[in-house]
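Visitor: Fold the stuff below for me.
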Amino acid sequence: MFIYITKRLLWVIPTILTVLLVLFSLSYLLPGDPADIILGPRATPEMAAELESRLGLDKPWYQSYLIYLKNIIKGDLGTSIFRDRSVLTVILDVLPYTVILTLAGMGLAVFNGISIGLLAANYNNSYFEKFLTMVSFITASTPTYIAGVLLIVIFSVNFNILPSIGIGDGGILDSLHHLIGPAIALSVGWTGYIARLTRSSMLETLDQEFIQTEKSFGIPRYY
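Guide: Numbers count the residues shown, from 1 in each chain. Next up is the predicted model:
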């Protein structure tokens, strides 16, 4: 097991380097001059040359890639062009909201998934179980972005119940109100997977010999 885990961890390094190389190379394949796009049509050649020098665009792509890797190792992710701030600072600013949204979505998925799975196993071979199984398949097959769009259209546009964007004004209740929609959208796909896994595990457990033995002794289904 230790050797297997070590091999998997070692594969992470070339995988990350390959992904970074592909993404970095794509930026050079895009049409147009990045300096002209950033500065706009009124930019002078001197302004474009200064920006290219500052961003490292005046160097060959492989040199820029090595500089990019060196900066990443040092914790320097560069500067956001649109916000003119450090990329790391921008990430850290929104990281707490990302963590809260992830925990809320996964918590909701675990609660709903286990509940649906237990109900489906408890009412096995019934119409209710078939309905719950269908729900779990639909949710597991629904991408998060589709669920998000549907929630916005239904609850934000049509009924005006939930906000469609933003994180609120900083108050706890308002922040929770803004969190409901994204958390539900994030939980939809995982709810189906967890429900199917819970149902299968529950049915397998109910078929174990010790369960059948307890039933033969007259122990009720719920106790």
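
Visitor: From here on, just use CA atoms for contacts and neighbour counts.
Guide: Will do.

Visitor: In the record's domain split, what are the boundaries for this protein?
Guide: Domain assignment for the chain by automatic domain parsing gives 2-77, 90-216.

Visitor: pLDDT (mean, whole number) over stretch 78-98?
Guide: Averaged across stretch 78-98, the pLDDT comes to 82.

Visitor: right, I mislabeled it, should have said stretch 136-150
Guide: For stretch 136-150, the mean per-residue pLDDT is 90.

Visitor: residues making contact with that stretch?
Guide: Residues outside stretch 136-150 that contact it (C-alpha atoms under 8 Å, 6 or more residues apart in numbering) are 116, 181-182, 185-186, 188-193, 195-196.

Visitor: And the helices in the protein?
Guide: 2-29, 34-39, 45-55, 61-73, 87-122, 127-140, 144-151, 172-206, 209-216 (DSSP state H).

Visitor: From Arg42, how far out is Ser175?
Guide: Separation of Ser175 from Arg42 (C-alpha to C-alpha, to the nearest Å) stands at 42 Å.

Visitor: neighbour count winner among those two?
Guide: Comparing Ser175 with Arg42 by neighbour count (other C-alpha atoms under 10 Å), the higher total belongs to Ser175, at 14 against 8.

Visitor: quick one: contacts for the more buried one?
Guide: By C-alpha under 8 Å, 6+ apart, the contact list for Ser175 reads 167-169.

Visitor: Low-confidence regions, this structure specifically.
Guide: 1-2, 170, 220-223 (pLDDT under 70).

Visitor: Figure out which of the helices of the chain is closest to Ser80.
Guide: Of all these, helix 87-122 sits nearest to Ser80, with 5.3 Å by C-alpha to C-alpha.

Visitor: Who are the packing partners of that closest one?
Guide: Applying 3 or more C-alpha pairs under 8 Å, 6 or more residues apart in numbering; DSSP states H and E, one finds that helix 87-122 contacts helix 127-140, helix 172-206.
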